[in-house]
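Participant: Next one to model:
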Amino acid sequence: MARILYVEDYPSAALTMKYVLDELGHECQVAPTGVEAVRMYSAGMFDLVLIDTQLPDMGGPDVARAMRAWESENNRQPGLLLGFSADTKGSENCRESGMNGFAMKSLSLTDVKRLLDQYLSV
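Facilitator: Numbers count the residues shown, from 1 in each chain. Prediction:
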């Protein structure tokens with residue numbers, strides 16, 4: 001089981017992804033804003049963070065930069081951060097911000113499982 005932080009401001013998408021991840025046997029927490037995501041990340045240990053690239057308070061790449069800065073300031077090993085979006089326009093910005101990768105949003109159980117298999121060794 002992996003501990004996953006899903007950063008998503010759209011409530012129905014967040015609930016659906018949480019349900020999918022729970023069904024796959026993972027523990028999922030949801031952060032509705034970038035500020036909340038950084039707070040939760042610094043307070044807990046997560047195996048994976050899925051970050052919506054467009055949030056109301058800060059962009060996904062800015063969230064990743066804040067998380068990477070916190071890791072550096074606290075001598076913590078870099079976590080696994082993935083940008084998550086409905087379009088591919090932000091994939092370059094995700095990598096430049098220190099994210100490990102980028103994935104297209106999909107609520108398909110098969111697609112989510114494939115993504116987790118690709119990035120997690122659980």
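Participant: how would you label the residue positioned nearest the centre of the chain: helix, strand or coil?
Facilitator: Central residue of the chain (C-alpha atoms, centre = their mean): residue 50, 1.4 Å from the mean position. Assigned with DSSP: H, G, I helix; E, B strand; the rest coil, residue 50 falls in the strand class.
Participant: who's it bridged to?
Facilitator: residue 6, residue 82 (DSSP bridges).
Participant: Helix or strand with the lowest mean pLDDT in the protein?
Facilitator: helix 91-96 (a mean of 83; mean pLDDT, DSSP states H and E).
Participant: can you list the residues that contact it?
Facilitator: For helix 91-96, contacts defined as C-beta atoms under 8 Å, 6 or more residues apart in numbering pick out 53, 59, 60, 61, 64, 82, 83, 85, 101, 102. Where you see a C-beta, it was placed from the backbone N, CA and C, and this is true even at glycine.
Participant: let's see it at 6 Å
Facilitator: Residues outside helix 91-96 that contact it (C-beta atoms under 6 Å, 6 or more residues apart in numbering): 61, 83, 102.
Participant: quick one: the spatially closest residue to the second one that is not a sequence neighbour from residue 76, how far?
Facilitator: What that stands for is residue 83. Nearest in space to residue 83, with sequence neighbours left out and distances taken as C-beta to C-beta, 6 or more residues apart in numbering, is residue 94 at 3.2 Å. Separation of residue 94 from residue 76 (C-beta to C-beta, to the nearest Å): 20 Å.
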